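A.B. asks: With the sequence up front, the predicted model follows.
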Amino acid sequence: MRVDARGLTFEVGTGGPEDGVPVLLLHGFPQHGGEWDDVVPALHAAGLRTYALDQRGYAPGARPAEVEAYRIPELVADAAGVLDALGVESAHVVGHDWGAIVAWGLAAAHPRRVRTLTAVSVPHPAAMAHALATAQQKARSAYIALFRKPGKAEKVLLALNATALRKLLGGVGDAARVARYADPMRAPGALTAALNWYRAMSGADMKAVGPTTVPTTFVWSDKDIAIGRTAAEACASHVTGDYRFVELSGVTHWIPDEAPGPLAEAIIARTAA
């Protein structure tokens, strides 16, 4: 369905019982709301109503040109605005990768809108800042320097039928699943909009995300090449509500695609607590 919020038109995949408790699902880079497709059947069976949002830059009707339009406060305001447009006062919120950063920001800025938080792969921004003081996490995050270079990043990622982008997505599954995410990024302006999340990122905006007071689960996988253990284990220090750390063994960064069952179990356990 299409949802109008904040002067933009978002795509939202919906499912589950219409009277079910709402769950807002926030995807990461360079995916879209479809990354939750293998997760939501279990959520629906548990009586939850899901809303998988194609976020700013990913929905064609929500693709402003200015880099500043992709700052974290704007992304957080989008999530709150979509909840408003859906008539949802509060929801369980689940975010993966960049979607996790938006979810952390939403929980910190609007705790009454967030019943529970399940962050996947990416810990609280303050935990990331702590880890970036180490050489290991700096090396893991080195790719961001390329992503922040306008024009060059697009050229590198899209060259030769988007070979580099497809390689980046290799952990999501077979070639068809890779194409499901890579092909939309080849549309004019799509990859630039997605990369603008990185280009608008600032230390000030990250530091502005305060501690999380809502019940929270952080799901991390030990084969994640982008997020190391130091960042993952530092997350607990920035949650004052009930906190659970779920570690998945042998799973890469692409948890919703690679381990939808264990992830669904973690989400359901959090929403039911």
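C.D. replies: Yep, it's here.

A.B. asks: C-alpha from now on. contacts and neighbour counts both.
C.D. replies: OK.

A.B. asks: Pull the number of nearby residues for residue 216.
C.D. replies: Neighbour count of residue 216, defined by other Cα atoms under 10 Å: 27.

A.B. asks: pretty sure it contacts residue 116?
C.D. replies: Yes: using Cα atoms under 8 Å, residue 216 is in contact with residue 116, at 5.9 Å.

A.B. asks: Mutual contacts of these two, please.
C.D. replies: residue 270 (Cα atoms under 8 Å, 6 or more residues apart in numbering).

A.B. asks: so where do the strands sit in the stretch 51-200 of the chain?
C.D. replies: For the stretch 51-200 of the chain, the strands defined by DSSP state E, counting those that start in this stretch cover 91-96, 114-120.

A.B. asks: how far out from the middle of the chain is stretch 18-25?
C.D. replies: Averaging C-alpha positions (Cα atoms, centre = their mean, to the nearest Å) puts stretch 18-25 18 Å from its chain's average.

A.B. asks: quick one: residue 62 from residue 120, how far?
C.D. replies: Distance of residue 62 to residue 120, given as Cα to Cα, to the nearest Å: 24 Å.

A.B. asks: Mind checking which of these two has more residues around it?
C.D. replies: More crowded of residue 62 and residue 120, by other Cα under 10 Å: residue 120, with 29 against 21.

A.B. asks: neighbours of residue 26, just the number please.
C.D. replies: Residue 26: 27 neighbours (other Cα under 10 Å).

A.B. asks: likewise residue 130?
C.D. replies: Residue 130 is flanked by 14 other residues according to other Cα under 10 Å.

A.B. asks: Excluding covalently adjacent residues, which one is nearest to it?
C.D. replies: Distances taken as Cα to Cα, 6 or more residues apart in numbering place residue 231 nearest to residue 130, at 7.0 Å, with adjacent residues excluded.

A.B. asks: quick one, what contacts that neighbour?
C.D. replies: Contacts for residue 231 (Cα under 8 Å, 6+ apart) come out as 123, 127, 128, 130, 131, 137.
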